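Chemist: build the 3D model from these lines:
(chains A and B)
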Amino acid sequence: MSETPLLAVLDLQKRFPLGGGMLSKPRAWVRAVDGVSFDVKKGESFGLVGESGCGKTTLGRLVLRLIDPSAGRIEFDGRDLTRLNRSGMRLLRRRMQIIFQDPYSSLDPRMKVESIVTEPLRATQRITKAKRREAAAEFLARVGLSTTDLDKYPHEFSGGQRQRIGIARALCVRPDLIVADEPVSALDVSIQAQVINLMEDLREAFDLAYIFISHDLSVVGHICDRIAVMYLGAICELASSESFSLAPRHPYAKALLMAVPQPDPHRRVKPVSMEADVPNPAHPPSGCTFHPRCRFAFDQCRVERPALIDAVPNHYVACWLNQGRGVEGETE
Amino acid sequence: MKPFLEIEELSVRFHTPEGIARAVDGVSFHMARGETLGLVGESGCGKTVTSLSILGLIPSPPGEIQADKIFFEGRNLPDLSPEALRQVRGQEISMIFQEPMTSLNPVLPIGRQVAEPLITHKGLTKSEAYEHAADWLEHVKIPAAGARLNSYPHQLSGGMRQRVMIAMAMVCRPKLLIADEPTTALDVTIQAQILSLMLGLKEELGMSVLLITHDLGVVAQMANRVVVMYAGEVVETAGVVDIFDRPFHPYTRGLLKSMPRLSTRRHARRRLTEIKGTVPSLIRKIHGCKFSDRCPYAFEICREAHPQLLSMGQGRFVRCWLKEYPERRQNV
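Modeler: Numbers count the residues shown, from 1 in each chain, chains lettered A, B, ... in the order given. Sure thing, here's the model as predicted:
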């Protein structure tokens, strides 16, 4: 563990105001990201999983400083991003890029593919027209499109091809880190497989690190080295994909894994349904935020929030059951 | 015994500025009473259009429906008068849609929307209908259902809205429920709740369910039989176990193999098998098999002649030349 990580996030927080206006105070604050810490190594693919509203997208944007955190630190290659000014940030942006979920709204319909793909290049460095076209052609080829596509507009492409254009755009500045926010969720299964394979190939070819944000555990489990499961703005479990899928430990993570319908008609499981919906993030429950929905909650869960600590080496869980209290293994 | 629902040679064309799009091209299948039939395929394969045309809900123009028969309980639905068809809709066949926000009326309280079918179809008085509506909202496990009658859709979460949709579809105790991607817009834990609710109601009311989805996991968990569609055609029909254990059609095989799965062992992680290329345009007339340009096993005849849907015995059907040229299957 001597190696400094590419990205280190320390106790990151983001609050959004609810209501209020220019002159009035907000009615309440939503803690979208509430004390998150993790790191990503060079070339690693790190998954953020959770249901709508858990804060995974906000976290992804905070990491790139597309929005500013309320508190906490983000260290990229040893430098604290939260202290950088605009031009310092601009220089670092070249090393961190983003791929969006919706391949329809994330490409400007009035720009040609060449300009779309090279936009990050133009934003970060001076470059001649000829060089730009060359770069665009090179990266289009890398994502499986051809040079004849350079002068086309986004509407001439299918969803999967558009997502490839988005990937080429992120790649063209040769970043070290790509935040991919639900990059395959809008795609059909057969196209999804093409894009996942492409992303794996590119990771190897360019030694990329990914922060792969998704609601789909099977996709994240397939592509990622490590997985962090988020619930109401915080990480409740963090482990390697294998360790996680072999033995998830947090009751929420378990329920999430169990809820994925298995493509196997021989194993029909009656889902253990969690009562009630996700609570309102503006008024999160006391103690462990999952306790009102947890079957194993006991007194301590209602008053004190458990820290994310390693239950077994490199497998972190934020749950009182895994911290000496409660009975280990009674969870089935 | 006569099948409960029997569709023969259903074709739906749309007149578009670019030409005639064959959204559904000679689709035939049947359903038995009490059965859950999974209709599977990717975007644009015609699964939704098929279900809408059963109910006569395709606007014409631009749509144009042709069918040898759409028999439902002994009646040919296209022969019915609009009034008689309206009685079938809602009373005997009802439908739930993917996006519960856009399919509920935003300006009417949910109680009124659930009560409405009872007033129009069953001739109940307003107060009787509201009483029933409250019962049904409770039945679909909406907390404090009585007090929720006057709530508007925007005051409910996505899962709750889908419960309201289900209550609306159920109040008249239909014989057939058409569920078009009923859980696609929902988080997995909410999906698990809705699926278990649907299973319970199906057993209780003895209804049949036509489940339209792109999610093979949902199909494996819910369906008795499966119809796989590709580019407007049925390519394979079989019992759910056969589809998952012994898929015949290369498209079905490709779909199953392209699904990412959580693996418990690092080295067991394999590259996803992708289906090359994209779905063909519905406008271009294809002489051979519509899947031939993406099929890894295609040979000469596949590109020249269109395969028929052939019986494989035991209610299995497949549309593939490999059925007629078994020696070619050696390479499969």
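
Chemist: quick test: name the residue nearest the centre of chain A.
Modeler: Nearest residue to the geometric centre of chain A (Cα atoms, centre = their mean): A:Ile213, 2.7 Å.

Chemist: and that residue, helix, strand or coil?
Modeler: strand (DSSP: H, G, I helix; E, B strand; the rest coil).

Chemist: chain B: strands as residue ranges?
Modeler: Ranges of strands in chain B, per DSSP state E, are B:5-16, B:19-31, B:36-40, B:63-66, B:69-72, B:75-76, B:93-96, B:176-180, B:208-213, B:225-230, B:233-239, B:310-313, B:316-318.

Chemist: how about the third one against chain A, any contact?
Modeler: Okay, so that is strand B:36-40. No - using Cβ under 8 Å from any Cβ of the partner chain, strand B:36-40 stays clear of chain A, with a minimum separation of 9.9 Å. (C-beta placed from N, C-alpha, C; glycine too.)

Chemist: and the angle from that strand to strand B:208-213?
Modeler: Inter-element angle recorded for strand B:36-40 and strand B:208-213: 20 degrees (by axes from the mean of the first three to the mean of the last three Cα atoms, to 10 degrees).

Chemist: now do the contacts for the residue nearest to the centre of chain A.
Modeler: Neighbouring residues of A:Ile213 by Cβ atoms under 8 Å, 6 or more residues apart in numbering or on different chains: A:47-48, A:56-57, A:59-60, A:179-182.

Chemist: how far away is it from B:Ala115?
Modeler: Using Cβ to Cβ, to the nearest Å, we find A:Ile213 at a distance of 42 Å from B:Ala115.

Chemist: do B:Cys289 as well
Modeler: From B:Cys289 over to B:Ala115 (counting by Cβ to Cβ), the distance is 50 Å.

Chemist: next: A:Arg93.
Modeler: 55 Å.

Chemist: okay, these two: which has more neighbours?
Modeler: B:Ala115 (25 against 18; other Cβ atoms under 10 Å in any protein chain shown).

Chemist: dump the contacts of A:Ile213 to CSV, plus pLDDT.
Modeler: As requested, the contacts of A:Ile213 are arranged in CSV below (pLDDT from 0 to 100):
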residue, pLDDT
A:Gly47, 96
A:Leu48, 96
A:Lys56, 92
A:Thr57, 92
A:Leu59, 95
A:Gly60, 94
A:Val179, 96
A:Ala180, 96
A:Asp181, 94
A:Glu182, 92
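
Chemist: which among those gets closest to A:Asp80?
Modeler: A:Leu59 (17.1 Å; Cβ to Cβ).

Chemist: for the chain, which spans come out with low pLDDT?
Modeler: I went with chain A, as the question did not name one. A:1-2, A:271-276, A:324-332 (pLDDT under 70).

Chemist: try again with chain B
Modeler: Along chain B, the parts satisfying pLDDT under 70 run over B:1, B:263-269, B:330-332.

Chemist: residue boundaries of the helices in it?
Modeler: Using DSSP state H, the helices of chain B run over B:47-54, B:82-91, B:100-103, B:110-122, B:126-139, B:145-148, B:158-170, B:188-205, B:216-222, B:240-245, B:250-257, B:300-304.

Chemist: who are the contact partners of the residue positioned nearest the centre of chain B?
Modeler: The residue lying closest to the centre of chain B (Cα atoms, centre = their mean) is B:Ile212, at 2.1 Å. The neighbours of B:Ile212, taking Cβ under 8 Å, 6+ apart as the test, are B:38-39, B:47-48, B:51, B:178-181.

Chemist: tell me which other helices or strands the lengthiest helix in chain A touches.
Modeler: If you go by DSSP H, chain A has its longest helix at helix A:189-206. In terms of contacts (3 or more Cβ pairs under 8 Å, 6 or more residues apart in numbering or on different chains; DSSP states H and E), helix A:189-206 is packed against helix A:159-171, helix A:217-223, helix B:250-257.

Chemist: what's the longest one packed up against?
Modeler: With contacts defined as 3+ Cβ pairs under 8 Å, 6+ apart, helix A:159-171 has these neighbours: strand A:96-99, helix A:113-124, helix A:129-142, helix A:189-206.

Chemist: and those, which is most packed in?
Modeler: Highest mean neighbour count among these (mean count of other Cβ atoms under 10 Å in any protein chain shown): strand A:96-99, with a mean of 24.

Chemist: each with direction, which strands does that strand pair with?
Modeler: Strand pairing for strand A:96-99, determined by DSSP bridges: strand A:177-181 (parallel).

Chemist: where's the residue lying closest to A:Val312 once chain neighbours are set aside, which helix or strand?
Modeler: Nearest residue to A:Val312 in three dimensions, chain neighbours excluded: A:Ser243, at 7.7 Å (Cβ to Cβ, 6 or more residues apart in numbering or on different chains). Secondary structure from DSSP states H and E places A:Ser243 in helix A:241-246.

Chemist: mind listing what's buried in that helix?
Modeler: Neighbour-count burial for helix A:241-246 flags A:241-245 (criterion: 16 or more other Cβ atoms under 10 Å in any protein chain shown).

Chemist: wait, a strand at A:Gly20?
Modeler: No - assignment of A:Gly20 by three-state DSSP gives coil, placing it outside any strand.

Chemist: that one reaches A:Pro26, doesn't it?
Modeler: Yes - counting by Cβ atoms under 8 Å, A:Gly20 does reach A:Pro26; the two are 3.4 Å apart.

Chemist: for the stretch 51-200 of chain B, what lies in contact range of chain A?
Modeler: By Cβ under 8 Å from any Cβ, the part of the stretch 51-200 of chain B that sits against chain A consists of B:143, B:157-160, B:187-193, B:195-196.
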